[in-house]
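**Student:** give the three-dimensional model of this entry:
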Amino acid sequence: MNILKSIVYIILILSVSTLLADEIKSTKEGGRWNDSATWIGGVVPSAKDDVVIFGFVNSRSDECNKITIAESGCLNVESGITQVHSILINKGYVKVNENSTLKVKEIKNEAKDSFYNFGVIEVGE
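**Tutor:** Predicted structure coming up:
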């Protein structure tokens, strides 16, 4: 019986840990979103991860849970649809290029003159 309880406990811990978002931070140099060299620790963010951008990061149809763009950071939506499933907090710069879309649930902009939109920004559900 103790073995069964231990197995259930381990499965429960593993299940909960996969639901929690990891925070993935970019390097100061930035780069392409899907390049592991862009991210500290070499882990490319997934849809469930929270992201902090410190450099110039180019996105092409990427997604994350939450994104914070630091004062030194820039999110450049080059092409496709980039999706943020919760909030985008901007302290740096956001550029949405022609034929590109940025989808977010909520935007909190803390930087003046920091959004450059040549594509589509969709806010809400």
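**Student:** what sits against V84?
**Tutor:** With contacts defined as C-beta atoms under 8 Å, 6 or more residues apart in numbering, V84 is in contact with E63, C64, N65, K66, I67, L102, K103, V104, K105. For the C-beta atoms, the positions are set from N, CA and C on the backbone; glycine is no exception.
**Student:** quick one: pLDDT of it?
**Tutor:** pLDDT for V84: 95.
**Student:** do the same with the one 10 residues further on
**Tutor:** Predicted confidence (pLDDT) for V94: 94.
**Student:** what sits against it?
**Tutor:** For V94, the contact set (C-beta under 8 Å, 6+ apart) comprises I69, C74, L75, V77, L88, L102, S114, F115, Y116.
**Student:** before we move on, back to that, so which of the contacts of V84 wins on neighbours?
**Tutor:** I67 (29 neighbours; other C-beta atoms under 10 Å).
**Student:** quick one: the strands in this protein?
**Tutor:** When assigned using DSSP state E, the strands of the chain occupy the ranges 23-25, 31-32, 50-53, 56-60, 63-64, 66-69, 74-90, 93-96, 100-109, 115-117, 120-123.
**Student:** related to what we said a few turns ago, quick check, nearest of the contacts of V84 to V120?
**Tutor:** L102 (7.3 Å; C-beta to C-beta).
**Student:** can you count the residues close to T68?
**Tutor:** The burial count for T68: 20, using other C-beta under 10 Å.
**Student:** what does the pLDDT read for it?
**Tutor:** At T68, pLDDT is 96.
**Student:** pretty sure G80 contacts E63?
**Tutor:** No. G80 is not in contact with E63 according to C-beta atoms under 8 Å; the separation is 10.3 Å.
**Student:** identify the bridge partners of the nearest residue to G41 once chain neighbours are set aside.
**Tutor:** Among residues not flanking G41 along the chain, I24 sits closest, at 7.6 Å (C-beta to C-beta, 6 or more residues apart in numbering). I24 forms beta bridges with V51, as assigned by DSSP bridges.
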